[in-house]
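S.K.: Kindly generate the corresponding structure for this input.
(2 chains)
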Amino acid sequence: GQSLEQPSEVTAVEGAIVQINCTYQTSGFYGLSWYQQHDGGAPTFLSYNALDGLEETGRFSSFLSRSDSYGYLLLQELQMKDSASYFCATLAQGGKLIFGQGTELSVKP
Amino acid sequence: EAQVTQNPRYLITVTGKKLTVTCSQNMNHEYMSWYRQDPGLGLRQIYYSMNVEVTDKGDVPEGYKVSRKEKRNFPLILESPSPNQTSLYFCASSSQGNQPQHFGDGTRLSIL
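M.R.: Just a heads-up that it's a prediction; the model follows:
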(Lines give C-alpha, C1' and ligand atoms only; values in the text may rest on other atoms or scores of the structure.)
Protein backbone atom coordinates (compact mmCIF):
# COMPACT_ATOMS: atom_id res chain seq x y z
CA GLY A 1 0.00 0.00 0.00
CA GLN A 2 0.92 3.64 -0.15
CA SER A 3 1.69 5.34 3.11
CA LEU A 4 3.74 7.94 4.95
CA GLU A 5 4.87 7.37 8.52
CA GLN A 6 5.72 10.11 10.98
CA PRO A 7 5.83 10.27 14.79
CA SER A 8 2.52 11.16 16.41
CA GLU A 9 3.94 13.73 18.79
CA VAL A 10 7.13 15.59 19.65
CA THR A 11 7.87 17.92 22.56
CA ALA A 12 10.66 20.51 22.69
CA VAL A 13 11.53 23.69 24.55
CA GLU A 14 11.60 27.21 23.25
CA GLY A 15 14.81 28.06 21.42
CA ALA A 16 15.66 24.43 20.72
CA ILE A 17 15.92 22.55 17.43
CA VAL A 18 13.51 19.75 16.57
CA GLN A 19 13.45 17.26 13.70
CA ILE A 20 10.27 15.58 12.47
CA ASN A 21 10.89 12.48 10.37
CA CYS A 22 8.81 11.04 7.57
CA THR A 23 9.28 7.73 5.79
CA TYR A 24 7.22 6.94 2.73
CA GLN A 25 6.15 4.03 0.63
CA THR A 26 4.46 4.96 -2.64
CA SER A 27 4.13 3.79 -6.21
CA GLY A 28 5.89 6.54 -8.10
CA PHE A 29 7.39 9.51 -6.34
CA TYR A 30 6.99 13.19 -7.15
CA GLY A 31 8.59 14.93 -4.20
CA LEU A 32 7.85 15.41 -0.51
CA SER A 33 5.96 18.38 0.92
CA TRP A 34 5.46 19.64 4.45
CA TYR A 35 2.45 21.46 5.88
CA GLN A 36 1.71 23.15 9.19
CA GLN A 37 -1.71 23.18 10.80
CA HIS A 38 -2.67 25.10 13.91
CA ASP A 39 -5.58 23.79 15.95
CA GLY A 40 -8.79 24.00 13.92
CA GLY A 41 -7.16 25.92 11.11
CA ALA A 42 -6.35 25.22 7.50
CA PRO A 43 -3.06 23.49 6.66
CA THR A 44 -0.48 25.83 5.18
CA PHE A 45 2.42 24.90 2.93
CA LEU A 46 5.92 25.02 4.43
CA SER A 47 8.40 23.32 2.14
CA TYR A 48 8.87 20.99 -0.83
CA ASN A 49 11.74 18.71 -1.87
CA ALA A 50 11.75 17.31 -5.37
CA LEU A 51 15.39 16.19 -5.26
CA ASP A 52 17.75 14.87 -2.60
CA GLY A 53 19.23 17.37 -0.20
CA LEU A 54 18.31 20.23 2.04
CA GLU A 55 15.91 23.09 1.33
CA GLU A 56 16.06 26.04 3.72
CA THR A 57 13.33 28.59 4.32
CA GLY A 58 14.12 30.80 7.27
CA ARG A 59 13.95 28.83 10.52
CA PHE A 60 12.54 25.81 8.71
CA SER A 61 14.51 23.35 6.59
CA SER A 62 13.46 20.15 4.88
CA PHE A 63 15.59 17.25 3.77
CA LEU A 64 14.99 14.39 1.35
CA SER A 65 16.80 11.14 0.63
CA ARG A 66 15.04 9.27 -2.16
CA SER A 67 17.30 6.22 -1.82
CA ASP A 68 16.15 5.85 1.79
CA SER A 69 12.51 6.88 1.12
CA TYR A 70 12.97 9.33 3.96
CA GLY A 71 12.69 12.99 4.68
CA TYR A 72 12.58 15.32 7.64
CA LEU A 73 11.50 18.78 8.64
CA LEU A 74 13.91 20.71 10.84
CA LEU A 75 12.65 23.59 12.93
CA GLN A 76 15.25 25.84 14.53
CA GLU A 77 15.01 28.50 17.23
CA LEU A 78 11.66 27.12 18.28
CA GLN A 79 8.98 29.59 19.30
CA MET A 80 5.74 29.01 21.17
CA LYS A 81 3.81 29.79 17.99
CA ASP A 82 5.43 26.75 16.34
CA SER A 83 3.19 24.51 18.46
CA ALA A 84 1.05 22.90 15.77
CA SER A 85 0.60 19.72 13.77
CA TYR A 86 3.00 19.03 10.93
CA PHE A 87 2.20 16.79 7.97
CA CYS A 88 4.38 15.32 5.28
CA ALA A 89 2.71 14.62 1.94
CA THR A 90 3.54 13.17 -1.43
CA LEU A 91 1.91 12.73 -4.79
CA ALA A 92 1.49 9.10 -5.77
CA GLN A 93 1.28 7.74 -9.29
CA GLY A 94 -2.01 8.68 -10.90
CA GLY A 95 -2.33 12.01 -9.15
CA LYS A 96 -3.52 10.97 -5.70
CA LEU A 97 -2.11 13.12 -2.88
CA ILE A 98 -1.26 11.24 0.31
CA PHE A 99 -0.63 12.77 3.72
CA GLY A 100 1.02 11.33 6.78
CA GLN A 101 -1.04 11.15 9.96
CA GLY A 102 0.62 14.24 11.35
CA THR A 103 3.06 15.05 14.14
CA GLU A 104 1.81 17.22 16.98
CA LEU A 105 4.60 19.50 18.14
CA SER A 106 4.38 20.99 21.61
CA VAL A 107 6.80 23.79 22.41
CA LYS A 108 7.31 24.37 26.13
CA PRO A 109 8.66 27.55 27.73
CA GLU B 1 -6.66 38.04 -2.92
CA ALA B 2 -5.78 34.47 -3.93
CA GLN B 3 -7.99 32.10 -2.01
CA VAL B 4 -9.98 28.90 -1.78
CA THR B 5 -13.49 29.46 -0.47
CA GLN B 6 -15.61 26.75 1.06
CA ASN B 7 -19.23 27.01 2.15
CA PRO B 8 -20.76 26.43 4.56
CA ARG B 9 -18.18 26.61 7.37
CA TYR B 10 -20.40 24.71 9.75
CA LEU B 11 -23.40 22.47 9.17
CA ILE B 12 -25.49 20.25 11.41
CA THR B 13 -27.91 18.05 9.52
CA VAL B 14 -29.66 14.71 9.72
CA THR B 15 -29.04 11.31 8.22
CA GLY B 16 -30.18 10.95 4.62
CA LYS B 17 -30.66 14.62 3.79
CA LYS B 18 -28.62 15.43 0.70
CA LEU B 19 -26.09 18.20 1.10
CA THR B 20 -23.49 19.99 -0.99
CA VAL B 21 -20.34 21.72 0.20
CA THR B 22 -19.12 24.22 -2.33
CA CYS B 23 -15.49 25.00 -3.11
CA SER B 24 -14.23 27.76 -5.34
CA GLN B 25 -10.71 28.98 -6.17
CA ASN B 26 -9.63 32.15 -7.95
CA MET B 27 -6.06 31.14 -8.88
CA ASN B 28 -6.80 29.34 -12.16
CA HIS B 29 -5.50 26.12 -10.62
CA GLU B 30 -5.77 22.83 -12.51
CA TYR B 31 -5.66 20.49 -9.50
CA MET B 32 -8.42 20.48 -6.90
CA SER B 33 -9.16 18.00 -4.15
CA TRP B 34 -11.25 17.25 -1.08
CA TYR B 35 -10.05 15.85 2.25
CA ARG B 36 -11.61 14.78 5.47
CA GLN B 37 -9.76 15.09 8.73
CA ASP B 38 -10.53 12.92 11.72
CA PRO B 39 -8.59 12.76 15.01
CA GLY B 40 -5.49 10.60 14.68
CA LEU B 41 -6.05 9.90 10.98
CA GLY B 42 -4.52 12.96 9.39
CA LEU B 43 -5.83 14.26 6.08
CA ARG B 44 -7.39 11.65 3.86
CA GLN B 45 -8.12 12.48 0.26
CA ILE B 46 -11.70 11.86 -0.83
CA TYR B 47 -11.62 12.87 -4.50
CA TYR B 48 -9.30 14.85 -6.72
CA SER B 49 -9.51 16.49 -10.11
CA MET B 50 -6.55 17.22 -12.37
CA ASN B 51 -8.60 19.30 -14.79
CA VAL B 52 -12.11 20.20 -15.89
CA GLU B 53 -14.34 17.14 -16.39
CA VAL B 54 -11.65 14.85 -14.93
CA THR B 55 -12.22 13.44 -11.44
CA ASP B 56 -10.67 10.48 -9.63
CA LYS B 57 -11.16 8.66 -6.37
CA GLY B 58 -8.86 9.30 -3.47
CA ASP B 59 -8.45 7.01 -0.49
CA VAL B 60 -11.94 7.40 1.01
CA PRO B 61 -14.47 8.11 -1.78
CA GLU B 62 -17.36 5.97 -0.51
CA GLY B 63 -20.49 8.00 0.15
CA TYR B 64 -19.27 11.09 -1.71
CA LYS B 65 -19.62 12.54 -5.19
CA VAL B 66 -17.87 15.42 -6.90
CA SER B 67 -18.08 17.28 -10.18
CA ARG B 68 -15.72 19.60 -12.06
CA LYS B 69 -17.75 21.37 -14.70
CA GLU B 70 -15.75 24.57 -14.41
CA LYS B 71 -12.11 25.08 -13.50
CA ARG B 72 -12.82 27.21 -10.46
CA ASN B 73 -15.49 25.08 -8.75
CA PHE B 74 -15.30 21.62 -7.21
CA PRO B 75 -18.37 20.85 -5.08
CA LEU B 76 -18.54 17.88 -2.71
CA ILE B 77 -21.89 16.13 -2.64
CA LEU B 78 -23.19 13.79 0.05
CA GLU B 79 -26.26 12.16 -1.48
CA SER B 80 -27.34 10.35 1.68
CA PRO B 81 -25.19 11.48 4.61
CA SER B 82 -24.60 9.14 7.52
CA PRO B 83 -23.18 9.79 11.00
CA ASN B 84 -19.79 8.30 10.05
CA GLN B 85 -19.36 11.23 7.66
CA THR B 86 -19.26 13.63 10.58
CA SER B 87 -15.86 15.23 10.13
CA LEU B 88 -13.83 18.32 9.26
CA TYR B 89 -13.58 18.76 5.49
CA PHE B 90 -11.03 20.72 3.52
CA CYS B 91 -10.93 21.69 -0.11
CA ALA B 92 -7.56 22.50 -1.70
CA SER B 93 -6.19 23.61 -5.05
CA SER B 94 -2.81 23.85 -6.75
CA SER B 95 -1.34 24.39 -10.21
CA GLN B 96 -0.35 20.70 -10.26
CA GLY B 97 -0.68 17.87 -7.78
CA ASN B 98 2.92 18.06 -6.60
CA GLN B 99 2.86 21.82 -6.12
CA PRO B 100 1.91 23.62 -2.87
CA GLN B 101 -1.70 23.03 -1.97
CA HIS B 102 -3.83 26.04 -1.01
CA PHE B 103 -6.47 25.00 1.49
CA GLY B 104 -9.85 26.48 2.25
CA ASP B 105 -10.77 27.28 5.84
CA GLY B 106 -12.61 24.01 6.33
CA THR B 107 -16.19 22.86 6.79
CA ARG B 108 -17.23 21.17 9.99
CA LEU B 109 -20.06 18.74 9.26
CA SER B 110 -22.14 17.04 11.94
CA ILE B 111 -24.60 14.41 10.79
CA LEU B 112 -27.07 13.26 13.39
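
S.K.: what are the bridge partners for the residue sitting nearest the centre point of chain B, then?
M.R.: By C-alpha atoms, centre = their mean, the mean C-alpha position of chain B lies nearest to B:Trp34, the distance being 3.1 Å. Assessed by DSSP bridges, B:Trp34 has beta-bridge partners B:Tyr47, B:Cys91.

S.K.: Assign B:Arg36 to helix, strand or coil.
M.R.: In three-state terms, and counting by DSSP: H, G, I helix; E, B strand; the rest coil, B:Arg36 is strand.

S.K.: show me the contacts for the closest residue to B:Tyr48 other than its chain neighbours.
M.R.: Of all residues not flanking B:Tyr48 in the chain, B:Ser33 sits nearest, at 3.9 Å (C-beta to C-beta, 6 or more residues apart in numbering or on different chains). Placement of C-beta: from N, CA and C, glycine included. Listed by C-beta atoms under 8 Å, 6 or more residues apart in numbering or on different chains, the contact set of B:Ser33 reads A:Leu97, B:Gln45, B:Ile46, B:Tyr47, B:Tyr48, B:Ser49, B:Gly58, B:Phe74, B:Cys91, B:Ala92, B:Ser93, B:Gln101.

S.K.: burial count for the fifth one?
M.R.: When you say that, I think you mean B:Tyr48. 26 (other C-beta atoms under 10 Å in any protein chain shown).

S.K.: Go ahead and confirm it touches B:Ser94.
M.R.: No. Applying C-beta atoms under 8 Å, one finds B:Tyr48 not in contact with B:Ser94, separated by 10.2 Å.

S.K.: Find residues that contact each of those two.
M.R.: Counting by C-beta under 8 Å, 6+ apart, the residues touching both B:Tyr48 and B:Ser94 are B:Tyr31.

S.K.: roughly how far is stretch A:65-82 from the heart of the chain?
M.R.: 6 Å (C-alpha atoms, centre = their mean, to the nearest Å).
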